[in-house]
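> Provided below for reference: sequence and predicted model.
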Amino acid sequence: MSESRNNQLLKITEIEGRGRALVASQPLKAGQVLLRDSPLLLYTAVALKNGDPSNFCTNCFRKLLLHDDAARSKVLKCPNCSYHALFCSPNCQSIALSTSHTPWVCQALNCIRYSRSLLDPDAQIQAIFLISAYNLAVVSPSSFQLLLSLQGESPAIPNPQTLALHSFISSLSPPQSFAGFGFSPELTAALLAKDKQNAFGLMDPIQENNNNSERSVRAYGIYPKASFFNHDCLPNACRFDYVDTAEDNNTDIIIRAIHDIQEGREICLSYFPVNWSYKDRQRRLMDDYGFTCDCDRCKVEANWKDDNDDNMESDDDDDEQMMAGGSDDQEEEEDVEGGGGDNEDFPHAYFFVKYVCERENCGGTLAPLPPSPEGTPSNVLECNVCGLLRTEEDEEEEDGVMSD
Ligand SMILES: C[S@@+](CC[C@H](N)C(=O)[O-])C[C@H]1O[C@@H](n2cnc3c(N)ncnc32)[C@H](O)[C@@H]1O
């Protein structure tokens, strides 16, 4: 989708108390692609271990084909360093060596790998992000400025963890040009804040982790336009990624409407799986994003009895709590094709029945496939995490609504 077409569908507006926001500049259809965005920055989400090369292309993050000798022989290494960066093709190798995997990045990643001060995987990932971000400042100063323009406030005084990370980056013989863009602990703190508030995780497909209850993130990306989406615990859009697709721009993310949306409505994503409890949602939003959510769903769940905090520890309890709310939310329901307004005890039930993936341990959100070019809506819903495709007929059959 071109920039101009994106602009016709969405516009950026300032909303008091929410900062910049994206709103519908025309009526939007269920399944419609609202935005396709390419990353400013992508970095691995897999901590580095001695002698353990990644299974993904260091440039495009597609899974490497390593099933036999012939496939393995096509995988290319970084020629510059002992860090085992692998590439799926000469093209990826050549792009990476001049952009994201420069000699300085090679050397820096190697230092992380053998660093005694960065044993904690989370600290390693933060260091990898900082190396990618500072490298971006050298290879594309305008992209670096764009990164700095994103939302994300850092504390006035960098905390000890940030100071330790900054000192590590300082020890990596940063290129001379670093001095020109204000390399300092404050800049490092600002970059970490941008990352925390704006990074999207590109997940491993669930099929590969069937035995794990926790899905893993393969890479993190910062997407400049998608960074303007605010959060809602009952989102009207969700994002898809297709990292392993053979098509070009495989690391783009695509935002699609979950249901029809009126002109002027704000488009919101959920910043985490929608089946999280009220307490967990509020905690994450305050800790990582610095705000208290007062969306329609939170208004309902805030009034649930005070066992909110105590009874939400297990998954079972989560489900129970999710099914137990009580308040009207007619406006939201009327927006949703097929949403019923008749369940006063659980006004958001329609959302969970229709748009939350039923596959075990998935918790993804379903959105319809895009309408046909003629505008005919699709009756196939796709899960944005596991890729499950479900038709509305499947849903009715499961609910026992369909008669023979
Ligand atoms: C990814 S940014 C979204 C765009 C941001 N509003 C901006 O001005 O660039 C995330 C930040 O937006 C704000 N935000 C997002 N959703 C919000 C909400 N539901 N209510 C209040 N603020 C919100 C918070 O400041 C959050 O840290």
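Cool, the structure landed. What you are looking at is a predicted structure, and each value in this text was computed from that prediction instead of being measured. Residues are numbered from 1 along each chain as shown.

> buried stuff in stretch 153-169?
For stretch 153-169, a neighbour-count test (16 or more other C-beta atoms under 10 Å) marks Ser154, Pro158, Thr162, Leu165, His166, Phe168, Ile169 as buried. Placement of C-beta: from N, CA and C, glycine included.

> tell me which residues form a beta bridge with the residue in the stretch 1-150 of the chain positioned nearest to the ligand?
When scored by C-beta to the nearest ligand atom, the stretch 1-150 of the chain has Gly19 as its residue closest to the ligand, at 2.8 Å. Gly19 forms beta bridges with Ile15, as assigned by DSSP bridges.

> Name the next helix or strand downstream of the strand or helix carrying Ala133, please.
Using DSSP states H and E, Ala133 maps to helix 121-139. Proceeding N to C from helix 121-139, the next assigned helix or strand is helix 141-149, under DSSP H and E.

> what distance separates that following helix from the centre of its chain?
Centroid displacement of helix 141-149 relative to its chain, using C-alpha atoms, centre = their mean, to the nearest Å, is 19 Å.

> can I assume Arg284 is in contact with Phe272?
Yes. Between Arg284 and Phe272 there is a contact under C-beta atoms under 8 Å: 6.0 Å.

> quick revisit: which one of the buried residues of stretch 153-169 is nearest the ligand?
Of the buried residues of stretch 153-169, the one sitting nearest to the ligand (C-beta to the nearest ligand atom) turns out to be Ser154, at 12.1 Å.

> Confirm the closest one sits in a strand?
No. The assignment for Ser154, made by DSSP: H, G, I helix; E, B strand; the rest coil, is coil rather than a strand.

> Contacts only, for it.
Contacts for Ser154 (C-beta atoms under 8 Å, 6 or more residues apart in numbering) come out as Thr162, Glu186, Ala189, Ala190, Leu192, Ala193.

> gap between the second one and Pro155?
For Glu186, the distance to Pro155 equals 10 Å [C-beta to C-beta, to the nearest Å].

> Pull up the residues of the stretch 301-404 of the chain that are close to the ligand.
Contact residues, the stretch 301-404 of the chain versus the ligand (C-beta under 6 Å from any ligand atom): none.

> what are the ranges of the helices in the stretch 301-404 of the chain?
Ranges of helices in the stretch 301-404 of the chain, per DSSP state H, counting those that start in this stretch, are 315-322, 330-335, 349-355, 392-398.

> before we move on, the earlier item: could you give the mean pLDDT of the helix holding Ala133?
In this model, helix 121-139 has a mean pLDDT of 94.

> Which other helices and strands does that helix contact?
Helices and strands touching helix 121-139, by 3 or more C-beta pairs under 8 Å, 6 or more residues apart in numbering; DSSP states H and E, are strand 41-44, helix 103-114, helix 141-149, helix 160-170, helix 185-198.

> gap between Val46 and Pro155?
As judged by C-beta to C-beta, Val46 and Pro155 stand 28 Å apart.

> wait, Leu64
Per C-beta to C-beta, Leu64 is found 39 Å from Pro155.

> ok, now Pro205?
37 Å.

> What of Leu22?
For Leu22, the distance to Pro155 - C-beta to C-beta - is 28 Å.

> where along the stretch 301-404 of the chain do the strands fall?
366-368, 380-383, 389-391 (DSSP state E, counting those that start in this stretch).

> about what we covered before: touching the helix holding Ala133 from outside, list them.
40-45, 47-48, 98-100, 102, 104-105, 108-109, 112, 115, 118, 143-144, 147, 161, 164-165, 168-169, 172, 174-175, 177-178, 181, 183, 188, 191-192, 195, 199, 220.

> go on, stretch 58-69?
So stretch 58-69 is contacted by 42, 44, 55-57, 71-72, 74-75, 78, 85-88, 92-93, 95-96, 100-101, 202, 218-219, 243-244, 250-251 (C-beta under 8 Å, 6+ apart).

> The stretch 1-150 of the chain against the ligand: which residues are in contact?
Gly17, Arg18, Gly19, Arg20, Ala21.

> Generate a PyMOL selection restricted to the buried subset of those.
Applied in PyMOL, the following selects the buried portion of these according to 16+ other C-beta under 10 Å:
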select buried, resi 21
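
> Max pairwise distance over the residues of the stretch 1-150 of the chain next to the ligand: which two?
Maximum pairwise distance in these, criterion C-beta to C-beta, is 11.9 Å, between Gly17 and Arg20.

> Just put the residues of the stretch 1-150 of the chain next to the ligand in JSON lines and tack on distance to Glu301 and pLDDT.
As requested, these are exported to JSON lines (distance: C-beta to C-beta, whole Å; pLDDT from 0 to 100):
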{"residue": "Gly17", "distance to Glu301": "20", "pLDDT": "95"}
{"residue": "Arg18", "distance to Glu301": "20", "pLDDT": "97"}
{"residue": "Gly19", "distance to Glu301": "24", "pLDDT": "97"}
{"residue": "Arg20", "distance to Glu301": "27", "pLDDT": "97"}
{"residue": "Ala21", "distance to Glu301": "23", "pLDDT": "98"}
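
> for the stretch 151-300 of the chain, what spans make up the strands?
199-203, 217-222, 230-231, 237-241, 253-257, 268-269.

> Between these, which one is closest to the ligand.
strand 230-231 (3.3 Å).

> rewinding a little: comparing the helices of the stretch 301-404 of the chain, which gets the lowest mean pLDDT score?
Per-stretch mean pLDDT for those is lowest at helix 315-322 (a mean of 34).

> Got the phi and psi for the residue nearest to Gly364 when sequence neighbours are not counted?
Ranked by C-beta to C-beta, 6 or more residues apart in numbering and with sequence neighbours excluded, the top spatial neighbour of Gly364 is Val385, at 2.9 Å. Main-chain dihedrals, Val385, degrees, to the nearest 10: phi -110, psi -50.

> What pLDDT is listed against Val385?
pLDDT recorded at Val385 is 91.

> and it, how many neighbours does it have?
Each residue near Val385 was counted by other C-beta atoms under 10 Å, and the total is 21.
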